[in-house]
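> Compute the structure for the input listed below.
(chains A and B)
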Amino acid sequence: MSDQKRITPRDEDFSAWYNEVVLRAELADHSPVRGSMVIRPWGFGIWERMQRALDDRFKETGHENAYFPLLIPMSFIEREKEHVAGFKPELAVVTHAGGKDLEEPLVIRPTSETVIYAMYAKWVQSYRDLPVLINQWANVMRWELRTRLFLRTSEFLWQEGHTAHATDQEAQEETLLILDLYRRFMEDWIAMPVITGLKSDAEKFAGAVRTYACEGMMQDGRALQAGTSHHLGQNFSRQFDLTFQSEEGTEEYAWNTSWGVSTRLVGGMVMTHGDDQGIVVPPRLAPTQVVIIPIHRSDEDRTRVLEKAEEVRTRLHEQGIRVRVDSRDHLSPGARFYEWERKGVPFRIELGPRDLESGQLVLVRRVRQEDVGKKGKEFLPEGEVISSLPARLEAFQQELLERARARREERSHRGVTSIEEMKEILDGPGGFVYTGWNGDPAVEARVKEETRATLRCLPDPDFQSSSPPARCVSGEGESRTEAVWARAY
RNA sequence: CGGGACGUGGCGCAGUCCGGUAGCGCACUGCAAUGGGGUUGCAGGGGUCGCCGGUUCGAAUCCGGCCGUCCCGACCA
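Residues are numbered from 1 along each chain as shown, chains lettered A, B, ... in the order given. As a prediction, this is how the structure comes out:
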């Protein structure tokens, strides 16, 4: 692809655009190991901020971080029947170590339920030891047949939370608490609106009783499962003897939950906000929120301009803004503008000799507001730029969320009743298709077969609120009336 | 595993049909002039043409085999 090729997210070949943007935006490279990736500093900076924000929330809800082994004995994985059936095909296995064949193969963790609950079984004796609320930041590996940078790499980084509770109800509340935490994080930080709901039995996590998920809608009309929260019931505690003595003195199996989000969120951010110029990073996630581009001709100008740039940088920094000066003078100003736009920095300040004379600065926002003039440039007094930037960053963050929500609504098709209608929508603009649902797995399989769409979730309006109900049941009890379908990544 | 395409300096490609000893753009290095939306000029550095074998005076090019990558399906955060 030529260096000057325009990047067009609405091209038919969206994946080519996506890879082009991601690579050229210096977020990630393919690694020498097929299907895994190298995350470059700018991309990792974004992930790092996601980690920090999520970690703060986990602390607020009483969770602690811990670390468990990378290698899991094969026999652990095999203990839970559905779990092994779900993961077996994509396991990477270590069979040889220390110069000889191992008696028992070791699996590189695809997820850590089994090792973690094996340990919990040793830690928990009494109801007084519960709940156990632990999170782990780690890498995992799933040998996927087809990979896509950030969205589905064989090795990825994530956080996985694993909890043990004394009652079913408590575990259910935990599951929904985290689901809600995820939804808020995705909206507040990534500016990525998501639908939350229950997965069908066909789509749920291998070994879970119920799986809840956050589903985002990308600009090409395909859905992205951005995070999941599972109620594991007693499936794992029974296999790993995770028991406790209750207040009444009886021996009981604990109730477990697990939940996770991954570096896939970075891909979600790219595909939610990216445009023809490259990616767009929401201000709260941006490693650099404001970049200052000094412009000068003579050496004399250069000194004055750089001094002023440093002064502006310091004053913005004092306001808590992440700001940097790009003073590379082997690149023309235009080249530097393009580079930072491609990387998605929310605001740029241009500063040259003319601005020194006028006491103004040129302020340019990454995604233009329609009411600003040519090329989105605003000529403002220096003091105003500095004092208004915190509010502008916040407004930009909000606007990204609103725009993304509006795009999703345009792509949401409600009250669809026939497969023909559904196919027409999916072959056209794509998006979320809301249909009736009678809970029949045979219907689900047929629709999937004919439309290539999957049942993303059974949304419950109550889940969208901050007080999650505890009355959701999959496959039995109340039947849901609505299902959301989409073609997904 | 089925169906398609492709492996040539760091990246993107041409050259392959019709064999003659490797080229273009970008990037990189140096110098000079430029600089408010991807600057220009001059001078440079860098390639076992995926691998193995065969045909030939001679192979990036023809033949055989192997390996790898990407895209579309099944699987998946």
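
> switch to C-alpha atoms for all contacts and neighbour counts from now on
OK.

> residues contacting residue A:204?
With contact set as C-alpha atoms under 8 Å, 6 or more residues apart in numbering, residue A:204 has these partners: A:210-212.

> make it 6 Å
residue A:211 (C-alpha atoms under 6 Å, 6 or more residues apart in numbering).

> SS state for it?
Three-state call for residue A:204 (DSSP: H, G, I helix; E, B strand; the rest coil): coil.

> for residue A:174, same thing?
What three-state DSSP gives for residue A:174 is helix.

> With residue A:334 instead?
Per three-state DSSP, residue A:334 ends up helix.

> Quick check: residues of the stretch 101-250 of chain A near RNA strand B?
Applying C-alpha under 7 Å from any atom of the strand, we find that the stretch 101-250 of chain A lies next to RNA strand B at A:142, A:144-148, A:150-156, A:203-205, A:224-228.

> What ranges does the stretch 301-450 of chain A have for its strands?
Along the stretch 301-450 of chain A, the stretches classed as strands by DSSP state E, counting those that start in this stretch are A:323-325, A:347-351, A:360-365, A:377-381, A:412-416, A:432-436.

> one step back: just the buried ones from the residues of the stretch 101-250 of chain A next to RNA strand B?
Neighbour-count burial (16 or more other C-alpha atoms under 10 Å) applied to those gives A:142, A:148, A:150-156, A:204-205, A:224-228.

> Pick the one among the residues you listed closest to residue A:106.
Residue A:106 lies nearest to residue A:142 out of these, by C-alpha to C-alpha, at 14.0 Å.

> is it true that that closest one touches residue A:111?
No. Using C-alpha atoms under 6 Å, residue A:142 is not in contact with residue A:111; the gap is 8.7 Å.

> Show me where chain A dips below the pLDDT cut-off.
For chain A, residues meeting the criterion pLDDT under 70 lie at A:1-25, A:370-375, A:438, A:461-481.

> Most distant residue from the centre of it?
For chain A, the residue at maximal distance from the C-alpha centroid (C-alpha atoms, centre = their mean) is residue A:300, at 47.3 Å.

> give me the element that residue is part of.
If you go by DSSP states H and E, residue A:300 is part of helix A:299-318.

> Give me the contact list for that helix.
Helix A:299-318 is contacted from outside by residue A:296, using C-alpha under 6 Å, 6+ apart.

> Kindly recompute the last result at 7 Å.
Contacts with helix A:299-318, where a contact means C-alpha atoms under 7 Å, 6 or more residues apart in numbering, come from A:292, A:294, A:296, A:323-324, A:351-353, A:386.

> Distance-wise, check residue A:34 relative to RNA strand B.
Applying C-alpha to the nearest atom of the strand, to the nearest Å, the value for residue A:34 to RNA strand B is 5 Å.

> Just give the closest residue to residue A:274, not the sequence neighbours.
Spatial nearest neighbour of residue A:274, chain neighbours left out: residue A:280 (5.3 Å); criterion: C-alpha to C-alpha, 6 or more residues apart in numbering.

> The one you found touches residue A:347, doesn't it?
No. Judged on C-alpha atoms under 7 Å, residue A:280 makes no contact with residue A:347 at a distance of 10.6 Å.

> give the contact list for residue A:350.
Residue A:350 sits in contact with A:292-294, A:361-363, where contact means C-alpha under 7 Å, 6+ apart.

> Residue A:327 too?
Residue A:327 makes contact with A:293-294, according to C-alpha under 7 Å, 6+ apart.

> ok, 10 Å please
Residue A:327 sits next to A:292-295, A:302, A:305-306, A:309, A:333, A:336 when contact means C-alpha atoms under 10 Å, 6 or more residues apart in numbering.

> Out of those residues, who's the most crowded?
residue A:293 (26 neighbours; other C-alpha atoms under 10 Å).

> beta partners for it?
residue A:350 (DSSP bridges).

> Next up, the contacts around it.
Shown in contact with residue A:293 (C-alpha under 10 Å, 6+ apart): A:305-306, A:309, A:324-329, A:333-334, A:336-337, A:340, A:348-352, A:362.

> Look up how far residue A:165 lies from residue A:127.
Computed with C-alpha to C-alpha, to the nearest Å, the distance linking residue A:127 and residue A:165 is 8 Å.

> residues shared between the contacts of the two?
A:244, A:254.

> which one of the two has more residues nearby?
Counted by other C-alpha under 10 Å, residue A:127 and residue A:165 do not tie: residue A:165 has more neighbours, with 24 against 20.

> Is residue A:34 in a helix, a strand, or coil?
Relying on three-state DSSP, one would call residue A:34 coil.

> isn't it right up against residue A:154?
Yes. Assessed by C-alpha atoms under 10 Å, residue A:34 is found in contact with residue A:154 at 8.0 Å.

> For those two, list the residues in contact with both.
Counting by C-alpha under 10 Å, 6+ apart, the common neighbours of residue A:34 and residue A:154 are A:143, A:146-147.

> Please, a PyMOL command that selects the buried ones among the contacts of helix A:299-318?
Restricted to buried positions by 16+ other C-alpha under 10 Å, the PyMOL selection for the contacts of helix A:299-318 reads:
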select buried, chain A and resi 292+294+296+323+324+351+352+353+386
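
> Can I get the contacts of helix A:299-318 in a markdown table including distance to residue A:30?
As requested, those are exported to a markdown table (distance: C-alpha to C-alpha, whole Å):
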| residue | distance to residue A:30 |
| --- | --- |
| A:292 | 31 |
| A:294 | 34 |
| A:296 | 38 |
| A:323 | 29 |
| A:324 | 28 |
| A:351 | 37 |
| A:352 | 39 |
| A:353 | 42 |
| A:386 | 39 |
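
> filter the contacts of helix A:299-318 down to the ones close to RNA strand B.
Among the contacts of helix A:299-318, RNA strand B is touched by A:296, A:351-353 when using C-alpha under 7 Å from any atom of the strand.

> returning to that earlier point: residues contacting the residue nearest to residue A:274?
Residues in contact with residue A:280 (C-alpha under 10 Å, 6+ apart) are A:25, A:269-274, A:286, A:341-346, A:366-367, A:400.

> for residue A:408, same thing?
By C-alpha under 10 Å, 6+ apart, the contact list for residue A:408 reads A:192-194, A:216-219, A:221, A:272, A:402, A:431-432.
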